[in-house]
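Engineer: Quick check, what structure comes out for this input:
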Amino acid sequence: MELLKILLVIGGYLFLVLTSGIILNFILNRISHGKLSETVSVKDRDTGFVIGKCENILIMTFMFLDAYVALAIIFAAKTIVRSEDMHKNSLFFLAGTMINVTYSIMVSAFIKLFLTVV
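Structural biologist: Okay, the predicted model is just below:
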């Protein structure tokens, strides 16, 4: 049973990291009514990709540890660090952050719920 839980946690991390970018791009392109990649530089997109994946891992870890205050700290810190970028392209940075955080919390909550059943 413990092996199943370990595999479920590892699978959850992999699922979140592998699918978050796809979901994020899909929703942002629907919101912006076109290709968002045309309005954002490659550097900003690549930086956002790396930050988003780190954010996914941290959010899932904090959800498993019931450290919900840490989620707010991550969100606040990211907002402060990227505040200048948010003024340049608020859709990409602010909506992207909100979508990524929401998706990460939803997937993490589902995995956590499933762990209690197993």
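
Engineer: CA only for contacts and neighbour counts going forward, please
Structural biologist: Will do.

Engineer: which one's the longest helix in the chain?
Structural biologist: If you go by DSSP state H, the chain has its longest helix at helix 2-32.

Engineer: ok, now how distant is residue 94 from residue 2?
Structural biologist: 39 Å (C-alpha to C-alpha, to the nearest Å).

Engineer: Between the two, point out the one with more neighbours.
Structural biologist: Neighbours were counted for residue 94 and for residue 2 using other C-alpha atoms under 10 Å; residue 94 has more, 17 against 8.

Engineer: Just the pLDDT for the closest residue to that one other than its chain neighbours.
Structural biologist: Leaving aside its sequence neighbours, residue 94 sits nearest to residue 86 (C-alpha to C-alpha, 6 or more residues apart in numbering; 6.3 Å). At residue 86, the predicted lDDT confidence score is 73.

Engineer: again with residue 40
Structural biologist: pLDDT, residue 40: 76.

Engineer: Contacts only, for it.
Structural biologist: 89, 92 (C-alpha atoms under 8 Å, 6 or more residues apart in numbering).

Engineer: quick one: secondary structure of it?
Structural biologist: Classification of residue 40 using DSSP: H, G, I helix; E, B strand; the rest coil returns coil.

Engineer: Show me where the chain dips below the pLDDT cut-off.
Structural biologist: Scanning the chain for pLDDT under 70 picks out the ranges 36-38.

Engineer: helices or strands up against the longest helix of the chain?
Structural biologist: If you count contacts as 3 or more C-alpha pairs under 8 Å, 6 or more residues apart in numbering; DSSP states H and E, helix 2-32 packs onto helix 42-64, helix 96-117.
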